[in-house]
Each structure stands twice: as structure tokens, then as C-alpha cells.
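1. quick one, what's the 3D model for this:
(one chain, ligands or ions: 1)
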Amino acid sequence: MNRPIVQLQNVHKSFGPFKALNDINLDIRQGEILTLLGPSGCGKTTLMRIIAGFEAPTSGSLLIAGNDAVALPPEKRSVNMVFQRYALFPHLDVFDNVAFGLRLQGVSKTQIKEQVNAMLHLVQLDSFANRWINELSGGQCQRVALARALVNRPDVLLLDEPLAALDLKIRHHMLKELKRIHEETGTTFVYVTHDQDEAMILSDRVVLMNKGEIEQLGSPQDLYAAPESLFCARFFGDTNIVEGQVGGVSDGLADISTAFFSARGAVRRASTGASVSLSIRPEAIRLDAAASDDTSPSHNAITGDIEDVMFIGNRVVYQVKHGDSLFTCQQARPVACIEHAPGSRVRLSWPDEAVVVLTH
Ligand code: ATP
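-> Reported below is the predicted structural model:
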């Protein structure tokens, strides 16, 4: 396990009476890509700004590379930040933008040339050194911003929604580029986004935040397959939520009854009679044609009528109506697939392993 490069302990941040961060405890491991994910206003940027030194915590401690960093100004921390709007200098060309920090430190001309060229090569802008910033595309500006931040060889690079201004195709390309640059430099990346796809693609670990607190911390796979709360199940990927009641618990498995079906799923702490929510991911649901008179609820299965069909290239997403409830179900689409038409009666079924029981 890599040692922590940043350690936040009992960090609180208030703006007047408003608590933006509440008791944050977090170790960021050397060399990892850690993503702060959560809805707008949950405190991601505030946490990032505290690490960068642009904001002081109201209370709590911050260690960077084992040293108390709370009193250190931003330029004395081995941390650099890439902003959403790049914050490049329009009156300087690409080379001078990247060279800026090195010149401030008094690095020699030969060294600057060598290091800036190496960074421009890293971000694949070798032939753009003499371009003005207003002659670059959004993706190229983002690369200059990355080169400018990385040239100082920070221990930690903070990236605040760096791809938000780019369109989807370029965003996907830049995500790959970020992974490559991370691998080549070994720098610790702390990445802020409210886009769960970006978080899944990029991160070693994800910190899911909600109202100034850490809701869950884990690998993208952990958060997706084993959400610990309704908030996490809903925020990280699409899911179907059904309310139910625990009928009995044995060996970490609970028998659940719902208004529509019975189910069994892994549970952390729940006692007989407790109200719970079940999360079932759309891709875990199998969809088959059903007889028109088949309505009986059963174990891990319901019948319903297709209300909507969405064709999304390699997959088809069905909305299936059962009583007043809508279930979303997603099927991979083989080349010769015959899709179920709206109005068709279908049977939805899933295995026990697909059911995640969330206690209230
Ligand atoms: P977004 O995804 O919209 O950028 P965020 O998760 O990054 O949101 P923050 O910018 O950290 O959220 O803000 C957290 C909360 O703290 C918000 O309610 C915000 O309005 C508040 N806040 C942030 N900075 C200040 C400030 N300087 N003064 C007062 N309130 C602030």
C-alpha cells in the first residue's frame, strides 16, 4: 500500500453559519488518481482549495508529505492546480506560459528550455511552442494548462473539473491522455468532477461526497457493485430502487418482501421487520417475452409492459411499467437482436447477486 501524501484529519470548513465541510478524514495515497465526486455544492472544490492553500480549514489538520501544511502559503506547498477555465496568460505564447513558474523560481535558461520542451512533448504539443493562446482549441489549452502545472514537478496535481468546457469526444480523448500522463509522471492526481463516467474511467479510488461529508470511499468497482447508501446507489450509475421489508436474516443474507416480488440479498446490518431499499442495476435484469396473462409476483421476477424503448447503439434500454412503477432494464444488443416493442408484455428477472440491500 502506498504511503499517504496528503492527510486530512477532522477537517471542518464554515463560511459564516454555513458548514461547507463537516469532519473530513481522508488519506490520499502517493501516486494514485483520487476523484472527489458529488453533486453541485457538496464541497468538492472547497476541499481541493484547502489542499492547495487557497482556503484555510476552520478546524482540523492537513499534512502534505508528512508535514503540517495549514500555515503554508500555496506557493510553498508541493501542490499545483489546474483550473476548469485553464487560467492561461493570453499575452504569453505556449512556451512562456509553461515556463512561467520556472522563471519565478530563477531556473537557468538552458534548464527552462529543456524542461518546457519535455513537458510540451509529454502533452503532445511539441510543435505549438510559439503559438498564442487564442490560436489554440479548448483541448490544446487544457494540455498547456497541464504542462504548466506539471513542469514544477509537484507531488500532487489538483484538477478542478478540467474537462468541463470540452465536448464529449474530446473529453474522452483527454481522459485517456490524463491516464497516460499520470502513468508517465507518477504524480498523485486529485480530480474533481460531478460526472460519474469520468470518475469511473479515471480513478483508482473515488470519494463520493454529499452535503460536506464523505458518503463513501472506494474503488469505482466497489462503489458501483456495493453501494452502502441509497445516495451512493443512485448517484453512481443508474439503478432501480424498490422499497421492501426484511423477513429474516441469516449468514449476511436477508429475505426481503416488496409489493412486487420477494428477493434475497447481501445485507450489512438489518433486523427482521426493518424497512430497506433494494438496488437492482438495469444491466443485471434479464428481459423475456411473457404470456399476456402472466401477472403473478415471484422470487426475483415481475411481469410488466414495455412503455419505452431507447436504442443506444450497442445496447437497448427498456422502461417497463409494473403497476405504478417503472423499471429500467438494459440489454446488450447483439447484431441480429430483435427488440421488444412498446406495449409488449415482458418478464423481468435477476439473480440474488444483483440485489443490494440498503438499510435506512
Ligand atoms: P460545484 O460542483 O457546483 O463546483 P462543489 O461541490 O465544488 O460544487 P463548493 O464550491 O466546494 O462545491 O461549495 C460548497 C458549498 O460552500 C456551496 O454551498 C457553496 O455555495 C459554499 N461556498 C463555497 N465557497 C464559499 C464562499 N467563499 N463563501 C460562502 N459560501 C461558499
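2. was I right about Leu47 contacting Ile24?
-> Yes - assessed by CB atoms under 8 Å, Leu47 is found in contact with Ile24 at 6.5 Å. The way it works is simple: take the backbone N, C-alpha and C, and place the C-beta from them, glycine included.
3. give me the common contacts of the two.
-> Leu8, Val11 (CB atoms under 8 Å, 6 or more residues apart in numbering).
4. which of these two has more neighbours?
-> Legend: neighbour count by other CB atoms under 10 Å for Leu47 and Ile24, higher for Leu47 (28 against 23).
5. which residues touch the helix or strand containing that one?
-> Taking DSSP states H and E as the definition, one finds Leu47 inside helix 44-52. Residues outside helix 44-52 that contact it (CB under 8 Å, 6+ apart) are 6, 8, 11, 13, 20-21, 24, 36-38, 55-57, 62, 64, 74, 77, 79, 81, 156, 158, 160, 190, 192, 194, 209.
6. filter these by proximity to the ligand?
-> For the ligand, the contacts drawn from the contacts of helix 44-52 by CB under 6 Å from any ligand atom are Ala20, Gly38, His194.
7. those residues of the stretch 51-200 of the chain touching the ligand, which are they?
-> Residues of the stretch 51-200 of the chain lying near the ligand (CB under 6 Å from any ligand atom): His194.
8. for the ligand, give me its nearest residue in the stretch 51-200 of the chain.
-> Going by CB to the nearest ligand atom, the ligand is nearest to His194 of the stretch 51-200 of the chain, at 4.9 Å.
9. what about that residue, how many residues nearby?
-> His194, neighbours per other CB under 10 Å, totals 18.
10. how much space between it and Asp93?
-> 33 Å (CB to CB, to the nearest Å).
11. likewise Arg77?
-> Distance of Arg77 to Asp93, given as CB to CB: 28 Å.
12. who has more neighbours out of those two?
-> The neighbour comparison of Arg77 against Asp93 (other CB under 10 Å) goes to Arg77, with 20 against 17.
13. which residue sits closest to the more buried one, ignoring its sequence neighbours?
-> Excluding the flanking residues, the one nearest Arg77 by CB to CB, 6 or more residues apart in numbering is Gly53, at 5.2 Å.
14. go on, Asp305?
-> Nearest to Asp305 is Lys321, by CB to CB, 6+ apart, at 5.3 Å.
15. the helix or strand where the one you found lies pairs with which strands, and in what direction?
-> Using DSSP H and E, Lys321 falls within strand 315-322. As defined by DSSP bridges, the strand partners of strand 315-322 come to strand 301-311 (antiparallel), strand 325-332 (antiparallel).
16. closest to Ser344 out of those strands?
-> Among the strands paired with strand 315-322, strand 301-311 comes nearest to Ser344, with 4.9 Å by CB to CB.
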